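1. I would like to see how this sequence folds:
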Amino acid sequence: MSPDRPTLVASDVDGTLIDHDELVSARTRAAVHAVVESGTPFLLATGRPPRWISPVVEGLGYAPLAVCANGAVVYDSYADRVLSAATLSVDALTELSELALVALPGAGLAAERVGESAHDAATPQFVSSPDYEHAWLNPDNTEMSEDEVLAAPAVKLLIRRPGMTSTAMYDALAPHVGALADMTYSTENGLIELSAPGITKASGLVAAAERFGFDLSGLVAFGDMPNDIPMLGLARLGVAMGNAHPEAKAAADEVTDANSENGVAKVLERWWS
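-> Next comes the predicted model:
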């Protein structure tokens, strides 16, 4: 084994591991399989909830452990089991929503919840107020009143303001939120995501490593958006995609090719080819 071979690999999904058609390329799939077959753990670290992991598993032909919801959830995709979840309390959700609606008039609210598995029918997992305009197709949404959206603990509070960039929303909201929540975004399409204080993809990877004994000292991590920055900073080698947000590129140790050009695979092939 090469002495500098990674001890752990973690990859974001959208804009990173999958291409613009939301597919895993044959080259990327082969690279991930080479990592796993060598005995090195490969994890997903994504803003996606557990229920949106199964298409990635199908594309990879492998069911990895997944750090979901920007670090709030550790999910075993092989067993379809949520192992841990860090939530915002009802009181925190209420306070944060009030601050958000003052800073961002006209914004809509939604909350991401989790059950025991990715498809726990007993738990409405994505709930939104009537004025929440979805940033992408979300057929599993449950619409309810704003009070009901905030009435149960959630792993994420989502603030949507069509017509604004996420960067502008972040700048407007950050002074009000302060340390009450961890705030980030994974698209520029007018969407901010709030998690419990200190919850990031980095904290999720640390939680997974502690639970399973992974060695974080040789972590190689891949990402493309501001929600990946804590993870890129945690890694021995933080790699931003060629298509990444400028802030993610600035936080990374290096920049690889774009997600549509097998950027993840090209880095992994240094050690596994």
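2. surely Gln125 meets Ala111?
-> No - Gln125 is beyond contact range of Ala111, at 9.4 Å (criterion: CB atoms under 8 Å). In this view, the C-beta of every residue, glycine as well, is placed from N, C-alpha and C.
3. more neighbours: which of the two?
-> Between Gln125 and Ala111, counted using other CB atoms under 10 Å, Ala111 has the larger neighbour count: 28 against 21.
4. what pairs with the one helix or strand the more buried one maps to, and is each one parallel or antiparallel?
-> Applying DSSP states H and E as the criterion places Ala111 in strand 108-112. Sheet pairing of strand 108-112 (DSSP bridges) gives strand 126-128 (antiparallel), strand 156-160 (antiparallel).
5. pLDDT (mean, whole number) over the longest one?
-> In this model, strand 156-160 carries a mean pLDDT of 97.
6. alpha carbons only: can I get it in PDB?
-> The C-alpha coordinates for strand 156-160 follow below in PDB (Å, rounded to 0.1, in the frame of the first residue of the first chain):
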ATOM      1  CA  LYS A 156     -33.200  20.800   8.500                       C
ATOM      2  CA  LEU A 157     -35.300  24.000   8.200                       C
ATOM      3  CA  LEU A 158     -35.400  25.200   4.700                       C
ATOM      4  CA  ILE A 159     -35.900  28.900   3.700                       C
ATOM      5  CA  ARG A 160     -36.900  29.500   0.100                       C
END
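7. next SSE after it?
-> helix 166-177.
8. helices or strands up against that following helix?
-> helix 90-103, strand 182-184, strand 191-195 (3 or more CB pairs under 8 Å, 6 or more residues apart in numbering; DSSP states H and E).
9. re the thing from before, run the angle between the strand holding Ala111 and strand 191-195 for me.
-> Strand 108-112 and strand 191-195 meet at an angle of 40 degrees, taking axes from the mean of the first three to the mean of the last three CA atoms, to 10 degrees as the criterion.
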